[in-house]
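# give me coordinates for this.
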Amino acid sequence: MSELSPGLILIIGAVLVPILRGRARSIFMLALPILAFALTLSLPQGIHGQFDLFDMTLTTVRVDGFSLIFAYAFLLASLIAIIYALHVDDTLQQIASLIYAGSAISAVFAGDLLTLFVFWEGTTIGSVILIFAARTRRSYGAGMRYLVVQIVSGVLLLAGAALHYVETGSLAFGHIGISTTAGVLIFIAFGIKCAFPLLHNWVEDSYPEATVTGAVFLSVFSTKLAVYALARGYPGTEVLVPIGATMAVFPILFAVVENDLRRVLAYSLISQLGFMVVGVGIGTELSLNGTVAHAFCSVVYTALLFMAMGAVLFRAGTVNGSELGGLFRTMPWTAGLCIVGSASIAAFPLTSGFVSKSMIVSGALKEYYFWAWLALLIGNIGVFHSTAIKVPYLAFFAKDSGKRP
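Sure, this is the predicted structure:
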């Protein structure tokens, strides 16, 4: 079993989903992330699943503290998202969500670039189906644009991996850097999936068009997998600092004027990624620990916010802020949980976001990146206004729109 990636349990389980019905299918789907978590706990740290393919040595399972923390976050999110989606009676969505989650989990255990590429593409297949599953004209258009962008990312990753093998004679996925053509190609591939500036439009275009439950899965895996890949391959790459600082600030300008509250959350998600990218770029122990902590926390509170807005969309039929208001009377639990997520994304004291963001901000100041420190503070102030206040207020506490669940 130590040769088996825990994510494969979810992927193989997806194949068996269509033969089950009703409660048996629900129990089976809930059991998959629990079994995968049990396998993860049993894996000894080190290299597993190593074999030779032609002249290449592939490592399908590499277990260390870095891969484990992302695996724990993804497994936790998988279980919660599956519980959230238990009401869904759509085999296509259920299969896609398991393939998506399983591919992301397997990717963080990948010890070589070819294995990473395979599961990188697995996340693309699973996620685009969750967008198409909304079965609207807008979701089809957004899904096609999303697919094109993700395919470009995959092609660049594969090309970079091939060049890296030619240059070094190895496909091992470790520190890569941007000193070679291969390193630059892989860097851009990771940057596309991490929503770098000018490469980010697919996030706010596609996430709000996914299904109610699909958007929760989307908010967790793709971009956080890219953060993991950057932190594994490019720690201390200084160009990431201005890239991340820009990401932390510019999406907020759009979130302030956006009416669709799920799109507001998509913009805020990019801002959160900016904090993580800055932490990777600084590359110190403090900033990298802050990046990993913030990735874990962001998985939880971003999913919570998408769940809250998904519940509003499911019950009220819209997430346009101008059409909502007064729902706290009939959705008090959703309103309360939305406030918890909003407080955390704005780094309110005593929340997880406060702890993880403080580590990255402190890391920036400690290394004398004053301008990056200032950009992160401005970005967080923007998130506080555009998300932490705007989203719960417009949905639950603004003038009563008359809409009821």
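# and the helices in the stretch 251-400 of the chain, which stretches?
261-282, 285-316, 332-345, 352-366, 370-383, 390-392 (DSSP state H, counting those that start in this stretch).
# turn the ones you listed into JSON lines, including mean neighbour count, mean pLDDT and distance to residue 59.
Glycine gets a C-beta too; all of them are placed from N, C-alpha and C. Shown next, in JSON lines, are the helices of the stretch 251-400 of the chain (neighbours: other C-beta atoms under 10 Å; pLDDT from 0 to 100; distance: least, C-beta to C-beta, whole Å):
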{"stretch": "helix 261-282", "mean neighbour count": "28", "mean pLDDT": "95", "distance to residue 59": "22"}
{"stretch": "helix 285-316", "mean neighbour count": "22", "mean pLDDT": "95", "distance to residue 59": "21"}
{"stretch": "helix 332-345", "mean neighbour count": "20", "mean pLDDT": "95", "distance to residue 59": "36"}
{"stretch": "helix 352-366", "mean neighbour count": "21", "mean pLDDT": "95", "distance to residue 59": "29"}
{"stretch": "helix 370-383", "mean neighbour count": "20", "mean pLDDT": "94", "distance to residue 59": "34"}
{"stretch": "helix 390-392", "mean neighbour count": "25", "mean pLDDT": "94", "distance to residue 59": "42"}
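# what about those, which gets the closest to residue 173?
Closest approach to residue 173 among those is made by helix 261-282 (15.3 Å; C-beta to C-beta).
# what's the angle from the closest one to helix 370-383?
Per axes from the mean of the first three to the mean of the last three C-alpha atoms, to 10 degrees, the angle that helix 261-282 makes with helix 370-383 is 160 degrees.
# next one: helix 261-282 to chain centre, how far?
Computed by C-alpha atoms, centre = their mean, to the nearest Å, the chain-centroid distance of helix 261-282 equals 10 Å.
# for residue 75, find the nearest of the helices of the stretch 251-400 of the chain.
helix 285-316 (10.4 Å).
# and that closest one, what does it pack onto?
Identification of packing neighbours for helix 285-316 by 3 or more C-beta pairs under 8 Å, 6 or more residues apart in numbering; DSSP states H and E yields helix 65-84, helix 214-220, helix 222-233, helix 261-282, helix 332-345, helix 352-366.
# and the third one with helix 65-84, angle?
For helix 222-233 against helix 65-84, the angle between stretch directions is 170 degrees (the same axes, to 10 degrees).
# need the contact partners of helix 222-233.
The contact list for helix 222-233, computed with C-beta atoms under 8 Å, 6 or more residues apart in numbering, reads 66-67, 70, 73-74, 104, 107-108, 116, 120, 123, 127, 173-177, 186-187, 190-191, 193-195, 203, 240, 269, 273, 276-277, 280, 288, 291-292, 295, 298-299.
# please indicate which of those residues are buried?
Buried members of the contacts of helix 222-233, scored by 16 or more other C-beta atoms under 10 Å, are 67, 70, 73-74, 104, 107-108, 116, 120, 123, 127, 173, 176, 186-187, 190-191, 193-195, 203, 240, 269, 273, 276-277, 280, 288, 291-292, 295, 298-299.
# what separates the worst-scoring helix or strand of the chain on mean pLDDT from the chain centre, distance-wise?
The weakest-scoring helix or strand in the chain, judged by mean pLDDT, DSSP states H and E, is strand 46-53 (a mean of 83). Chain-centre distance of strand 46-53: 27 Å, with C-alpha atoms, centre = their mean.
# which parts of that strand are buried?
If you call a residue buried by 16+ other C-beta under 10 Å, then strand 46-53 has these buried ones: 48-49.
# name the residues that touch that strand?
Residues from elsewhere that reach strand 46-53 (C-beta under 8 Å, 6+ apart): 2-5, 57-63, 111, 114.
# give me that answer again for 6 Å
Outside strand 46-53, the residues that touch it by C-beta atoms under 6 Å, 6 or more residues apart in numbering are 2-3, 58-62.
# got it, and stretch 322-332?
Outside stretch 322-332, the residues that touch it by C-beta under 6 Å, 6+ apart are 259, 335, 394-401, 404-405.
# switch to 7 Å and redo it
For stretch 322-332, contacts defined as C-beta atoms under 7 Å, 6 or more residues apart in numbering pick out 259, 311-312, 315-316, 318, 335, 394-401, 403-405.
# are any of those residues buried, and which?
When burial is judged by neighbour count using 16+ other C-beta under 10 Å, the buried members of those are 311-312, 316, 335, 394-398, 401, 403.
# of the residues you listed, which pair is most distant in space?
Spatially, the most separated pair among the buried ones among the contacts of stretch 322-332 is 311 and 398, at 17.0 Å (C-beta to C-beta).
# the nearest residue to residue 83 once chain neighbours are set aside sits in which helix or strand?
Nearest non-adjacent residue to residue 83, counting by C-beta to C-beta, 6 or more residues apart in numbering: residue 30, 7.0 Å away. Using DSSP states H and E, the element containing residue 30 is helix 22-42.
# I am finished for the moment; much appreciated.
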